[in-house]
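Q: Attaching a predicted model along with its sequence, questions to come.
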Amino acid sequence: MAADFDNRLSAIESKTRLLIDLYKKAIDERDTLANQVNFLTRENINARKEIETLKTKLEYMTVASTILPTADDIDHSRQFLSRLVWEIDQCIARLSD
């Protein structure tokens, strides 16, 4: 009976050691994952700040491009003004006759 008790006690001790090892691994993994979550949270916050900055810059660039004409806009305006001047010259010529 004492041998049976010793065998059971040894089995319990080995299972306890196994549980302790698994528990330590789980704690280590939890700590590693918590650190990773903290790092990714900070990275996410920084990325959101950068996105907001870039959105603001994009808005400024859009406004600036609306204010500053492009080469096509300038060319179109010149052609429009040239047509207007030509029409005015034609009207003056008709009035002179």
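A: Yep, it's here. Numbers count the residues shown, from 1 in each chain.
Q: In the worst-scoring helix or strand of the chain on mean pLDDT, which residues are buried?
A: Lowest mean confidence among the helices and strands of the chain (mean pLDDT, DSSP states H and E): helix 71-96, at a mean of 88. Neighbour-count burial for helix 71-96 flags no residue at all (criterion: 16 or more other CB atoms under 10 Å). In this view, the C-beta of every residue, glycine as well, is placed from N, C-alpha and C.
Q: Likewise for stretch 48-63?
A: So stretch 48-63, judged by 16+ other CB under 10 Å, has zero buried residues.
Q: That one: how far from the chain's middle?
A: 12 Å (CA atoms, centre = their mean, to the nearest Å).
Q: List of residues touching stretch 76-90?
A: Here stretch 76-90 makes contact (CB atoms under 8 Å, 6 or more residues apart in numbering) with P69.
Q: what are the C-alpha coordinates of it, in PDB please?
A: Output of stretch 76-90 as PDB, limited to C-alpha atoms (Å, rounded to 0.1, in the frame of the first residue of the first chain):
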ATOM      1  CA  HIS A  76      -7.300  77.900 -72.300                       C
ATOM      2  CA  SER A  77      -7.500  81.400 -70.800                       C
ATOM      3  CA  ARG A  78      -5.100  82.900 -73.400                       C
ATOM      4  CA  GLN A  79      -7.200  81.300 -76.200                       C
ATOM      5  CA  PHE A  80     -10.400  82.600 -74.700                       C
ATOM      6  CA  LEU A  81      -8.900  86.200 -74.400                       C
ATOM      7  CA  SER A  82      -7.500  86.000 -77.900                       C
ATOM      8  CA  ARG A  83     -11.000  85.200 -79.300                       C
ATOM      9  CA  LEU A  84     -12.500  88.000 -77.300                       C
ATOM     10  CA  VAL A  85      -9.900  90.500 -78.500                       C
ATOM     11  CA  TRP A  86     -10.400  89.300 -82.100                       C
ATOM     12  CA  GLU A  87     -14.200  89.700 -81.700                       C
ATOM     13  CA  ILE A  88     -13.700  93.200 -80.300                       C
ATOM     14  CA  ASP A  89     -11.400  94.100 -83.200                       C
ATOM     15  CA  GLN A  90     -14.100  92.800 -85.600                       C
END
